[in-house]
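**Student:** Below: sequence and its predicted model.
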Number of protein chains: 2
Amino acid sequence: MTNVFDDPRITAVGLLFEAHAGLSARFDAQLAEHGLSAVEFEVITRLARSPGNQLRMTDLAAQTSLSTSGVTRVVDRMERDGLLTRRACPNDRRSSYAVVTAAGMQRLNETLPGHLQMIEQWFTGQLDPEALAALLDGLRRVRDAAHPCATAGSDDTSFAEQTETTQP
Amino acid sequence: MTNVFDDPRITAVGLLFEAHAGLSARFDAQLAEHGLSAVEFEVITRLARSPGNQLRMTDLAAQTSLSTSGVTRVVDRMERDGLLTRRACPNDRRSSYAVVTAAGMQRLNETLPGHLQMIEQWFTGQLDPEALAALLDGLRRVRDAAHPCATAGSDDTSFAEQTETTQP
DNA sequence: GCCCAACGACTGCTTGAGCAACTATAACTG
DNA sequence: CAGTTATAGTTGCTCAAGCAGTCGTTGGGC
C-alpha cells in the first residue's frame, strides 16, 4: 500500500475489473436459480430480441464473446434442454438459424425481472442519477476505444440484454 | 433498438461488461507477447508486491479470483516455467509459500512498462482528469457494493497490480 | 458451365478452471 | 494427553471454450 497502489492507472483497472467480477458473481447466482449460465442467458437474450427470435449461428457468435465453435456447443446444450431449436436457412443451405422455443421464451420471462432487479440493486441503484450518468459516460468512452467491434449481424447493440419485448 | 435498449439498467451493464471485455482483450494480447496469461500476470504481480515476494497459497487464492485448486495449478505451471518456486512455511507445515524467482521478477519487469502503457492508452488516457475521477468514483461504489470481499492475506488491495517496486 | 476461393457449421484435440474427495498437519476440548 | 474438528494443499474428474482441420455450399472469374 505504499508506492505500489497510488499509481492511478493500476487502481483504475483494479476498480473496473473488480466491479465487473462482483457484478458477474451476483448475476451468475441469480441466473443459476433459473438454470442458466451467463453465456446461455446472453445467447437466449440476443436471440429473443432479434426479428423472429432467431439468428444465424455466425451472427450469434459475432454478437457474443464466443467463437463459432463455442456457439455450436452452447446451442447444442440449449437445444438439448429444449430452450432453442435449429432451423435451416432457406436461402443459404450452409447457414442455420438458432431459434428460441416457447419453453425458451418462458424461461427468459421467468428470469428477466429478477435479473433487472439485480442490476438495480447492485449497480444502478448504488448511484444517484448524475453520478450514474457520469459513470456511464466514462464507460462508453472506454468501451468505444477498447472494444474490438463486437457488433455484427445487426446494428450496434452495446452487448445489452433485454427487457420484456418479444413475448408473443 | 426500440423499447429494448433504452432501459438504462441494461445499457449500463452492457457498457461495463463491454469495457471490461475490450480492455481484457488488449491486455491479454500485450501480456501474451511476454508469455504470460492474465491470470499468471495477476499471480506474479500479487506475489511481487507482497513482503518477501511471496504469499501462502491460500492467501494467493483469496486475492485472486481463483479457487485453491486453481492456484495449485497455476503455480505448478509457473514453477515449471521457472517464474515461481514453492517454499515450505517454517511455522506451519501444512502451508507453503509461492515465491517469485529472479527469472520471474525479470519477466515482470519486462512486462510491466508495456502494461502500464496499455492502461493509459486504452483506459485512463481516454478521459480528462475530472471525467476519470467521476468514473472511478462510480466504479468504487459499485465495487464496494457488489464485490464479495476479495481481499485476504493482507489488507485491502482492490485487485490492483503494481508499478515497479520489488526489483532487488 | 467449370473451377476455385470464400464461407458456414461442425468435430477432434487441448487447455484451464471448479468441485469434491483425500492426506497431512494444526488447534481445540475434555 | 487422546480424540475430534478445522485448515492447507493436492489430485481426479468433469465441463466449457478455443484452435485448427473438415465437409458441404456458394459465388465469382473466365
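**Tutor:** Thanks, I have it. Residues are numbered from 1 along each chain as shown, chains lettered A, B, ... in the order given.

**Student:** any idea how far the spatially most central residue of chain A is from DNA strand C?
**Tutor:** Chain A has A:Glu42 as the residue nearest its centroid, 3.7 Å off, counting by CA atoms, centre = their mean. Look at A:Glu42 and DNA strand C: by CB to the nearest atom of the strand, to the nearest Å, they are 17 Å apart. Glycine gets a C-beta too; all of them are placed from N, C-alpha and C.

**Student:** anything in the helix or strand encompassing that residue near chain B?
**Tutor:** Per DSSP states H and E, A:Glu42 falls inside helix A:38-49. Yes. Figure legend: helix A:38-49 in contact with chain B (CB under 8 Å from any CB of the partner chain); contacting residues A:Arg49.

**Student:** Can you spell out which helices and strands pack onto that helix?
**Tutor:** Identification of packing neighbours for helix A:38-49 by 3 or more CB pairs under 8 Å, 6 or more residues apart in numbering or on different chains; DSSP states H and E yields helix A:8-33, strand A:54-56, helix A:57-63, helix A:68-80, strand A:84-88, strand A:96-100, helix A:102-122.

**Student:** ok so, going back, kindly list the main-chain dihedrals of the nearest residue to the residue nearest to the centre of chain A once chain neighbours are set aside?
**Tutor:** Distances taken as CB to CB, 6 or more residues apart in numbering or on different chains place A:Thr64 nearest to A:Glu42, at 5.6 Å, with adjacent residues excluded. According to degrees, to the nearest 10, the main-chain angles of A:Thr64 amount to phi -100, psi -180.

**Student:** ok, now the one 3 residues further on?
**Tutor:** With angles defined as degrees, to the nearest 10, A:Ser67 shows backbone torsions of phi -80, psi 170.

**Student:** How about the contacts made by it?
**Tutor:** Residues near A:Ser67 by CB atoms under 8 Å, 6 or more residues apart in numbering or on different chains: A:Ala61.

**Student:** just A:Leu136 next, same as before
**Tutor:** Residues in contact with A:Leu136, defined by CB under 8 Å, 6+ apart, are B:8, B:11-12, B:15.

**Student:** Mind checking what secondary structure it has?
**Tutor:** Classification of A:Leu136 into helix, strand or coil gives helix, according to DSSP: H, G, I helix; E, B strand; the rest coil.

**Student:** what about it, distance to DNA strand C?
**Tutor:** 29 Å.

**Student:** cool, and A:Leu108?
**Tutor:** Counting by CB to the nearest atom of the strand, the separation of A:Leu108 from DNA strand C is 21 Å.

**Student:** How about A:Val13?
**Tutor:** Separation of A:Val13 from DNA strand C (CB to the nearest atom of the strand) stands at 18 Å.

**Student:** That residue contacts B:Glu120, correct?
**Tutor:** No. With contact taken as CB atoms under 8 Å, A:Val13 and B:Glu120 are classed as non-touching, separated by 10.4 Å.

**Student:** So for those two, which residue has more residues nearby?
**Tutor:** Between A:Val13 and B:Glu120, counted using other CB atoms under 10 Å in any protein chain shown, A:Val13 has the larger neighbour count: 26 against 14.

**Student:** Name the residues of chain A found near DNA strand C, please.
**Tutor:** Taking CB under 7 Å from any atom of the strand as the test, the list of chain A residues beside DNA strand C reads A:56-58, A:61, A:68-69, A:71-73, A:75-76, A:86, A:89, A:92, A:94-96.

**Student:** are any of these buried, and which?
**Tutor:** A:56-57, A:61, A:71, A:75, A:96 (16 or more other CB atoms under 10 Å in any protein chain shown).

**Student:** Which one of those residues is nearest to B:Ala19?
**Tutor:** Proximity of those to B:Ala19 (CB to CB) peaks at A:Ala61, which lies at 20.9 Å.

**Student:** pretty sure the closest one is touching A:Val75, no?
**Tutor:** No. Taking CB under 8 Å as the definition, A:Ala61 is not a contact partner of A:Val75, at 10.1 Å.

**Student:** The closest residue in space to A:Leu16 that isn't next to it in sequence: neighbouring residues, count only.
**Tutor:** If you skip the residues right next to it in sequence, A:Leu16 has B:Leu139 as its closest partner in space, 5.8 Å away by CB to CB, 6+ apart. B:Leu139 is flanked by 23 other residues according to other CB under 10 Å.

**Student:** okay, the angle between the helix or strand where B:Leu139 lies and helix B:8-33?
**Tutor:** Using DSSP H and E, B:Leu139 maps to helix B:129-146. Computed by axes from the mean of the first three to the mean of the last three CA atoms, to 10 degrees, the angle separating helix B:129-146 from helix B:8-33 equals 100 degrees.

**Student:** sorry, back to before: which of the residues of chain A next to DNA strand C come close to DNA strand D?
**Tutor:** Checking the residues of chain A next to DNA strand C against DNA strand D (CB under 7 Å from any atom of the strand), the matches are A:69, A:73, A:92, A:94.

**Student:** Could you list the low-pLDDT ranges of chain A?
**Tutor:** Along chain A, the parts satisfying pLDDT under 70 run over A:1-6, A:148-168.
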